[in-house]
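**Student:** Fold the following and give me the result.
(chains A and B)
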Amino acid sequence: MSAWLRQHRHAFSSAMRKLSVLNALVIGIALALPAGGYALLDSLRPAGARLALEPRISLFLEPQTRRVDADALGKRLRADPRIAEVRFIPREDALKEMAAVQGLPEVIAALGRNPLPDAFVVTSKEDIAGELARLPGVARVQADAVWARRLAAATAILELGIALLASLLGAGLVAVTFNTIRLQILTQRAEIEVSKLIGATDAFIGRPFYYLGLLQGLVGGVVALALIALALMLLNGEVRVLAESYGSSFRFGFLSAPEASAVVLFAALLGWLGARLSVGRHLRAIEPQ
Amino acid sequence: MVSFSAVAKRYPGGQEALKDVSFQLGAGELAFLTGRSGAGKSTILKLIPGIERPSAGSVVVNGQNVGALKRGAIPYLRRNIGLVFQDQKLLYDRSVYDNVMLPLAFSSHAPKEAARRARAALDKVNLLGREKANPIQLSGGEQQRLAIARAVVNRPALLVADEPTANLDADSAARILEIFVAFNQVGATVLIATHDQALVARYGKRVLQLEGGRIR
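**Tutor:** Next comes the predicted model:
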């Protein structure tokens, strides 16, 4: 084994001995808040994001509208520059789609005739629902744009809040590590002084502290993931009951593997940064007299 | 090995510890540095490993101008100098053996070789039987010998000791000096600061006497 590797192993095991469970727990709790918030928001995102990206307006035509008139209306809609996309849903297709839903075929069979009108689904970023409602042959307009926009705005606010929380607690993590390392350096003052006298480089003396910061962040990150997993497990127990009453199988999902790794790596990086700042500031101050 | 040319050292606050010190210490030489307390003996010893830097003049150790060395080069200078202090600077949170192992942690020796060297150093100062003890359990003389073992474990070419026999009875002091003489006989350059004139006289070695910030 090379001397370089041996020195790193020495520094690593020295850092392992000084690793404090309590510090790792503090870091873990601080990280669990933004990372857990992100996981919750991420679970809610799929439905919301799709709606927010393409606010759709459904136009239901009068039941007796002839196909020729419907086609003319379609042409007119496609010519409108404010409309991004136009999709025509003939009443037959709508019926087929409905028949595919569990339990409804019997209902449709009982009706004996197709009760559904022809419809257009248009996509537009602009608020033109009122205008479309006044077009000839249009019976009713349903716009999901308004609440989709509200949802998007609310999501954006939450995202910003989580980002702010993450930066704040990230800075807190750096500060906690900075202080831990400072106290550790003060505790080992005699050893550091002697090491300097017998020819240890700053890199050699600082190395165990870098490892300590890194490990503390790393363990804190793992603690955060464990806390999030535990919280989600408890939450999902209740969410399942609520979701099932709505016929939904919705659950809050855990962070994806890349996201979870990112949390741990980011925590380790911040720990290392805190150690680096602390070592840079406090190690130089100890000079043999 | 060590060369001082017109060295002056003023501490912040205006205290002038050294005025004009010039001397040379050849490789393999053993010399005593004497003078009353406050004469500047400690300052000279601190200038050699770069603990202090000269205000004027030059300090050359092993061909390196210490005053001009960059901060990053100082550790490598010190690895070739064995330092023994009056207050020993031992670490009381570990065993005698681990104290001696300290300088070997950042040397490139394989673990087996490091352990062999540590034992050899302890053997030379006659502490091999006490390697598992804590330094606090050692007598004053034993602690000083442990400090010497730590200083020589990397086999430095230069040994510098500041009042190594202070606070010791005559018997222990004599044993300590015998150890330094033994190292000198195997080729190490040795500089010992002491105010004990009687002890110095007994050895008949070169004496550098400091008075009023100058070598007399």
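**Student:** what packs against the helix or strand bottoming out on mean pLDDT in chain A?
**Tutor:** Across the helices and strands of chain A, mean pLDDT, DSSP states H and E gives its lowest value to helix A:104-111, namely a mean of 75. With contacts defined as 3 or more C-beta pairs under 8 Å, 6 or more residues apart in numbering or on different chains; DSSP states H and E, the packing partners of helix A:104-111 are helix A:91-99. Bear in mind the C-beta positions are built from the backbone N, C-alpha and C, glycine included.
**Student:** what comes up buried for the helix it packs on?
**Tutor:** Residues of helix A:91-99 classed as buried under the neighbour-count rule (16 or more other C-beta atoms under 10 Å in any protein chain shown) are A:Arg91, A:Ala94, A:Leu95.
**Student:** Including distance to chain B and pLDDT, could the residues you listed go into JSON lines?
**Tutor:** Output for those, formatted as JSON lines (distance: C-beta to the nearest C-beta, whole Å; pLDDT from 0 to 100):
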{"residue": "A:Arg91", "distance to chain B": "83", "pLDDT": "84"}
{"residue": "A:Ala94", "distance to chain B": "78", "pLDDT": "83"}
{"residue": "A:Leu95", "distance to chain B": "82", "pLDDT": "82"}
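**Student:** need these in CSV with distance to B:Leu138, can you?
**Tutor:** Below are the buried residues of helix A:91-99 laid out as CSV (distance: C-beta to C-beta, whole Å):
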residue, distance to B:Leu138
A:Arg91, 101
A:Ala94, 96
A:Leu95, 98
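**Student:** quick check, nearest of those to A:Ser261?
**Tutor:** For the buried residues of helix A:91-99, the closest approach to A:Ser261 (C-beta to C-beta) belongs to A:Ala94, at 45.6 Å.
**Student:** Please give me every residue in contact with that closest one.
**Tutor:** A:Leu116, A:Asp118, A:Ala119 (C-beta atoms under 8 Å, 6 or more residues apart in numbering or on different chains).
**Student:** Next step: those restricted to helices.
**Tutor:** Among the contacts of A:Ala94, none falls in helices (DSSP state H).
**Student:** Closest one to chain B out of the residues you listed, please.
**Tutor:** Closest approach between the contacts of A:Ala94 and chain B, by C-beta to the nearest C-beta: A:Ala119, at 76.9 Å.
**Student:** Check the contact between that closest one and A:Arg56; I expect there is one.
**Tutor:** No - assessed by C-beta atoms under 8 Å, A:Ala119 is found out of contact with A:Arg56, at 11.3 Å.
**Student:** Name the nearest residue to A:Ala224, ignoring sequence neighbours.
**Tutor:** Spatial nearest neighbour of A:Ala224, chain neighbours left out: A:Leu31 (3.7 Å); criterion: C-beta to C-beta, 6 or more residues apart in numbering or on different chains.
**Student:** Over to B:Asn62?
**Tutor:** Nearest non-adjacent residue to B:Asn62 (C-beta to C-beta, 6+ apart): B:Asn80, at 5.9 Å.
**Student:** Run a quick neighbour tally on the one you found.
**Tutor:** 16 (other C-beta atoms under 10 Å in any protein chain shown).
**Student:** got it, and B:Lys112?
**Tutor:** B:Lys112 has 8 neighbours, counted by other C-beta under 10 Å.
**Student:** which SS class is it?
**Tutor:** Recorded secondary structure, B:Lys112: helix (DSSP: H, G, I helix; E, B strand; the rest coil).
**Student:** again with A:Val86
**Tutor:** Classified using three-state DSSP, A:Val86 is strand.
**Student:** Beyond whichever strand or helix holds A:Arg207, next helix or strand please.
**Tutor:** Per DSSP states H and E: A:Arg207 is located in helix A:202-245. Using DSSP H and E, the helix or strand that follows helix A:202-245 in sequence is helix A:257-282.
**Student:** centre of the chain versus that following helix, how much separation?
**Tutor:** In terms of C-alpha atoms, centre = their mean, to the nearest Å, the centre of helix A:257-282 is set 20 Å apart from its chain centre.
**Student:** Same question for stretch A:281-289.
**Tutor:** What separates the centre of stretch A:281-289 from the centre of its chain is 43 Å, taken as C-alpha atoms, centre = their mean.
**Student:** residues contacting the closest residue to chain B within the stretch 151-289 of chain A?
**Tutor:** Proximity of the stretch 151-289 of chain A to chain B (C-beta to the nearest C-beta) peaks at A:Gly199, 3.6 Å away. A:Gly199 sits next to B:Pro75, B:Tyr76, B:Leu77, B:Arg78, B:Arg79, B:Asn80, B:Ile81, B:Pro103, B:Phe106 when contact means C-beta under 8 Å, 6+ apart.
**Student:** helix, strand or coil for the second one?
**Tutor:** Meaning B:Tyr76. helix.
**Student:** and the closest residue in space to it that isn't next to it in sequence, which of the three is it?
**Tutor:** Take B:Tyr76 and drop its neighbours on the chain: the residue closest to it by C-beta to C-beta, 6+ apart is A:Gly199, 6.8 Å away. Here A:Gly199 is recorded as coil under three-state DSSP.
**Student:** if I look at A:Gly199, how far off is B:Arg116?
**Tutor:** 20 Å (C-beta to C-beta, to the nearest Å).
**Student:** from the contacts of A:Ala94, which single one is nearest B:Leu122?
**Tutor:** Of the contacts of A:Ala94, the one sitting nearest to B:Leu122 (C-beta to C-beta) turns out to be A:Ala119, at 94.2 Å.
**Student:** Check what pLDDT that closest one gets.
**Tutor:** We have a pLDDT of 89 for A:Ala119.
**Student:** now swap in A:Gln289 and tell me
**Tutor:** So A:Gln289 comes in at 74 (pLDDT).
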